[in-house]
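> Sequence and predicted model, in that order:
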Amino acid sequence: MERNSHEAGPSSASVNLEATSREEARQTIVASLVQILDQPLAMLRDGTVGDQQMRAESRLIPGSTLGKHLRHVHDHYRVLLDSIESSSKRNDGGDEGIDLDYDKRTRVVPLETSAKSALQEFESTIDRIQRIFNRKQGQDASWDVHLDRHVRLSATTPAEIELSSSLGRELWFVCLHAIHHYALARVILVHELGLQINDSFGVAPSTMVMRLWRQASSQWKSKL
């Protein structure tokens with residue numbers, strides 16, 4: 001049976017999310033930063049998660065709590081944003097790159113046990129991301145948030161070493177790092193506390209793209 005071209009399969013426009021320019025890639029990864037940081041906020045706002053749930057210790061993952069996972073995610077976002085802003089203030093025209101060390105981070109302890117504190121800190125960090133990446137680069141010659149900007153990453157292994165990275169690589173790292181900890185937190189919330197939470201919480205962007213493709217594919221097959 002012949003099919004018209006528009007019936008040949010899932011529309012490529014509906015599933016092809018490949019960035020076509022560096023600026024589009026930057027906008028996409030910044031949108032991912034915000035979307036991933038926003039994932040736990042609905043359950044914090046609507047009361048699904050309160051202080052008791054933030055502090056509940058996991059039986060399956062000893063020593064683990066939702067609050068600790070959220071605090072750890074927030075720590076890495078904050079360290080990266082601090083490094084971006086510090087590098088801009090330090091520079092005087094020429095690009096010296098970004099110095100980054102995730103091991104040197106201070107904990108926002110109230111975030112571990114207080115749903116209100118967690119909500120405030122995450123919302124504040126989302127606002128900060130938008131300020132940093134929406135800033136007009138022409139207003140400040142030293143303000144450089146291009147994805148290929150050089151990053152000097154310090155790591156304790158336990159010896160202290162320096163690795164070469166890029167801003168885009170580190171932005172994507174904090175996204176995937178967050179998803180990893182959300183997935184662990186999901187085990188606590190769903191399988192231990194019996195809570196019903198959003199299906200997208202703890203789901204990687206690549207998985208969301210695959211779900212989109214499957215949905216489009218299913219709709220196409222239903223028309224055959």
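Ah, there it is. Residues are numbered from 1 along each chain as shown.
> how about low-confidence regions in this structure?
1-20, 89-95, 136-143, 211-224 (pLDDT under 70).
> now the strands for it?
With DSSP state E as the criterion, the chain has strands at 98-100, 150-156, 160-166.
> Now stretch 193-204: buried residues?
193, 197, 201-204 (16 or more other Cβ atoms under 10 Å). Every residue, glycine included, has its C-beta placed from N, CA and C.
> Please report how far the residue positioned nearest the centre of the chain lies from Ala115.
Geometric centre of the chain, nearest residue: Cys175, 3.1 Å, by Cα atoms, centre = their mean. Using Cβ to Cβ, to the nearest Å, Cys175 is found at 23 Å from Ala115.
> Show me what the lengthiest helix in the chain is packed up against.
Among the segments of the chain that qualify as a helix by DSSP state H, the longest is helix 66-90. Contact analysis of helix 66-90 by 3 or more Cβ pairs under 8 Å, 6 or more residues apart in numbering; DSSP states H and E lists helix 22-38, helix 51-55, strand 98-100, helix 110-113, helix 115-134, helix 167-186 as its packing neighbours.
> try 7 Å
Contacts defined by 3 or more Cβ pairs under 7 Å, 6 or more residues apart in numbering; DSSP states H and E place helix 66-90 against helix 51-55, strand 98-100, helix 110-113, helix 115-134, helix 167-186.
> ok so, going back, farthest-apart pair in the buried residues of stretch 193-204, please.
Leu193 and Ala204 (22.6 Å; Cβ to Cβ).
> Give me the contact list for stretch 149-160.
If you take Cβ atoms under 7 Å, 6 or more residues apart in numbering as the criterion, stretch 149-160 is touched by 97-101, 103, 161-163, 165-167, 170.
> ok, Asp101 - contacts?
Ser154.
> Starting from Val79, give me the distance back to it.
For Asp101, the distance to Val79 - Cβ to Cβ - is 7 Å.
> Next: Arg128.
Plainly put, Arg128 is 13 Å away from Val79 if you go by Cβ to Cβ.
> Ala25 too?
Per Cβ to Cβ, Ala25 is found 23 Å from Val79.
> So between the two, which is more surrounded?
Set side by side, Ala25 and Val79 show unequal neighbour counts under other Cβ atoms under 10 Å, the larger going to Val79 at 19 against 16.
> Hmm, the more buried one is touching Tyr102, no?
Yes - counting by Cβ atoms under 7 Å, Val79 touches Tyr102, with 5.5 Å between them.
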